[in-house]
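> Fold the following.
(one chain, ligands or ions: 2)
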Amino acid sequence: MTPGEFRDFAVELAESAGDLIRRTRPEVVQVLDTKSSEVDPVTEMDKAVEAYLVNRIKMARPDDGILGEEGDSIISKSGYTWVIDPIDGTVNYLYGVASYAVSIAVVAGPDNPLEWQVIAGAVHAVVWQKTWAAAIGQGATVNGKPIKPVTPPPLNKSLVATGFGYDADRRAYQVELLSYLIRHIRDIRRLGSAAIDLCLQAEGIVDLYYEMGLQPWDMAAGSLIAAEAGSTVCGLQGEPASSTMVVAGRGEALTELLAILQAAAADLPDK
Ligand code: IPD
Ligand code: CA
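Ligands and ions are numbered 1, 2, ... in the order given. Predicted structure coming up:
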């Protein structure tokens, strides 16, 4: 498959998983299990959607690898791996807050987020029924239309999206950092889905995004979509974006945000 064909298949998978979620969401969603902490929930739907996606991918591309948030892990024989987050924003799904998404990326190369290359991705916001997609070198789209570049405002007029981890100490540190940053920006948005945050940044609906502690499935598709829309997606001190830190933005505002985050040593490994 070409990167464009991978993107189109990722879009079809994400949208059909979105249909499944909309059709079968119970009135009261129950927590099935917890993961990294007692406030990191897993629902029946997280499991069911991952199982659906794994099944579809295995049927269409039996030699590809799979890395899923809910534990599916298949080593690639083809050199391509599907990195999937069946519901990014599970807490929103649980409570019925609208911002949650299915996120699907295809990566090429070694089984290591620092070495692989994301070649295609799709993020489908389930309630908004909005799909962002990208293939490497081919730009990014929202509902099939090219995302047009926007001129970002300066940092003090910028709307900045971010998120918090599930670990109490990490969140406390993240809030400390935010309490400093908030003096320098228009305002903050915490929408609860990193994949959606990255896509909103790609579109210019928020101006900037940063978060520490993300997992590969939270950011693989959204990072490509933001980069293909013309944003810079990076870490601190010239590092690439990683689970340590992801920053997405453009222009002078991005430079200023990076300077503030770097000065605050936001990427301390033990945080
Ligand atoms: C979470 C969301 C959230 C981010 C967390 C992620 P989940 O993913 O993307 O916005 O702040 O770091 O873990 O648990 O809803 O799939
Ligand atoms: Ca996630």
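
> wait, does the helix or strand harbouring residue 124 make contact with ligand 2?
In this structure, residue 124 is located in strand 117-125 according to DSSP states H and E. No. Contact of strand 117-125 with ligand 2 is not found when judged by C-beta under 5 Å from the ion; the minimum separation is 11.0 Å. Every residue, glycine included, has its C-beta placed from N, CA and C.

> quick one, the next helix or strand after that strand and strand 117-125 angle?
Proceeding N to C from strand 117-125, the next assigned helix or strand is strand 130-135, under DSSP H and E. Here strand 130-135 runs at an angle of 170 degrees relative to strand 117-125 (axes from the mean of the first three to the mean of the last three C-alpha atoms, to 10 degrees).

> Check which strands are paired with strand 130-135 and give the direction for each one.
strand 117-125 (antiparallel), strand 140-142 (antiparallel) (DSSP bridges).

> Please work out which residues outside it touch it.
2-4, 6-7, 10-11, 14-15, 119-125, 140-144, 147, 199, 202-203, 221-222, 224-225, 227-229 (C-beta atoms under 8 Å, 6 or more residues apart in numbering).

> same deal with stretch 43-54?
Taking C-beta under 8 Å, 6+ apart as the rule, stretch 43-54 contacts 13, 17, 20-21, 24-25, 29-32, 66, 68-72, 74, 82, 84, 86-87, 90, 93-94, 102, 104.

> Is ligand 1 within reach of it?
No. On the criterion C-beta under 6 Å from any ligand atom, stretch 43-54 is out of touch with ligand 1, staying 7.7 Å away.

> And that stretch, what's buried?
43, 45, 46, 47, 48, 49, 50, 52, 53, 54 (16 or more other C-beta atoms under 10 Å).

> now swap in stretch 1-19 and tell me
The neighbour-count check on stretch 1-19 (16+ other C-beta under 10 Å) flags 1, 3, 6-11, 13-15, 17-18 as buried.

> contacting residues around whichever residue of the stretch 51-200 of the chain sits closest to ligand 1?
Per C-beta to the nearest ligand atom, residue 163 is where the stretch 51-200 of the chain lies closest to ligand 1, at 2.3 Å. By C-beta under 8 Å, 6+ apart, residue 163 lies in contact with 190, 191, 192, 194, 197, 211, 214.

> With residue 61 instead?
1, 78, 80, 82.

> do the same with residue 39
91, 166.

> same deal with residue 253?
152, 153, 154, 155, 158, 207, 208.

> Number of residues surrounding the second one?
What that stands for is residue 153. Neighbourhood size, residue 153 [other C-beta atoms under 10 Å]: 16.

> Tell me the spacing between the residue nearest to it when sequence neighbours are not counted and ligand 2.
Distance criterion C-beta to C-beta, 6 or more residues apart in numbering; nearest residue to residue 153, sequence neighbours excluded, is residue 207 at 6.2 Å. Residue 207 sits 22 Å away from ligand 2, going by C-beta to the ion, to the nearest Å.

> I am finished for the moment; much appreciated.
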